[in-house]
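Trainee: test case, fold it:
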Amino acid sequence: MLDLQPITLTRLLDRLCANGLIERRPDPNDRRANRLYLTLAARPLLERLAVLGEELMATALAGVDRAAVERMLAELATMKENLRQSHAQRAVAGPAGE
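Mentor: Numbering: from 1, shown residues only. Got it, this is the predicted structure:
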């Protein structure tokens, strides 16, 4: 969903953990995995971000019909999937489209 490379995501999680916004806990079923939990310190920040996000979307979508927004989101999702499939096909084909 985030379209991030694993190393980028790991660095982001490391920073969130260092800032006390999340904590890693061992997964009870998989020794190799950690589960992520929000800390109490993160909650006010998330609430503030939610409000800012709603304000930004209201500004961006002012005067746009709800049905048009839903169509646009569906079309963007289609474009994203087309790009994913194209990338996957190229990865399978190997270098220079072999």
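Trainee: could you use CA atoms for every contact and neighbour count after this?
Mentor: OK.
Trainee: which residues touch the longest strand anywhere in the chain?
Mentor: Across the chain, the longest stretch assigned as strand under DSSP state E is strand 30-38. Under the contact criterion C-alpha atoms under 8 Å, 6 or more residues apart in numbering, strand 30-38 has outside partners L21, I22, E23, R24, R25, P26, D27.
Trainee: give the pairing partners of the host helix or strand of the third one; include direction for each.
Mentor: Just to be clear, that refers to E23. For E23, the host element (DSSP states H and E) is strand 22-27. Using DSSP bridges, strand 22-27 pairs in its sheet with strand 30-38 (antiparallel).
Trainee: after the partner strand comes which helix or strand?
Mentor: The element immediately downstream of strand 30-38 (helix or strand, assigned by DSSP H and E) is helix 42-60.
Trainee: in ChimeraX, select just the buried ones from the contacts of strand 30-38.
Mentor: In ChimeraX syntax, the buried subset of these is picked out as below (16 or more other C-alpha atoms under 10 Å):
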select :21,22,23
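Trainee: just put the contacts of strand 30-38 in a markdown table and tack on distance to N34 and pLDDT.
Mentor: A markdown table is the format used below for the contacts of strand 30-38 (distance: C-alpha to C-alpha, whole Å; pLDDT from 0 to 100):
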| residue | distance to N34 | pLDDT |
| --- | --- | --- |
| L21 | 15 | 97 |
| I22 | 12 | 97 |
| E23 | 9 | 97 |
| R24 | 6 | 96 |
| R25 | 5 | 96 |
| P26 | 4 | 96 |
| D27 | 5 | 95 |
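Trainee: now distance to R11 too, for the contacts of strand 30-38, in JSON lines please.
Mentor: Converted to JSON lines, the contacts of strand 30-38 look like this (distance: C-alpha to C-alpha, whole Å):
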{"residue": "L21", "distance to R11": "14"}
{"residue": "I22", "distance to R11": "13"}
{"residue": "E23", "distance to R11": "14"}
{"residue": "R24", "distance to R11": "13"}
{"residue": "R25", "distance to R11": "17"}
{"residue": "P26", "distance to R11": "18"}
{"residue": "D27", "distance to R11": "20"}
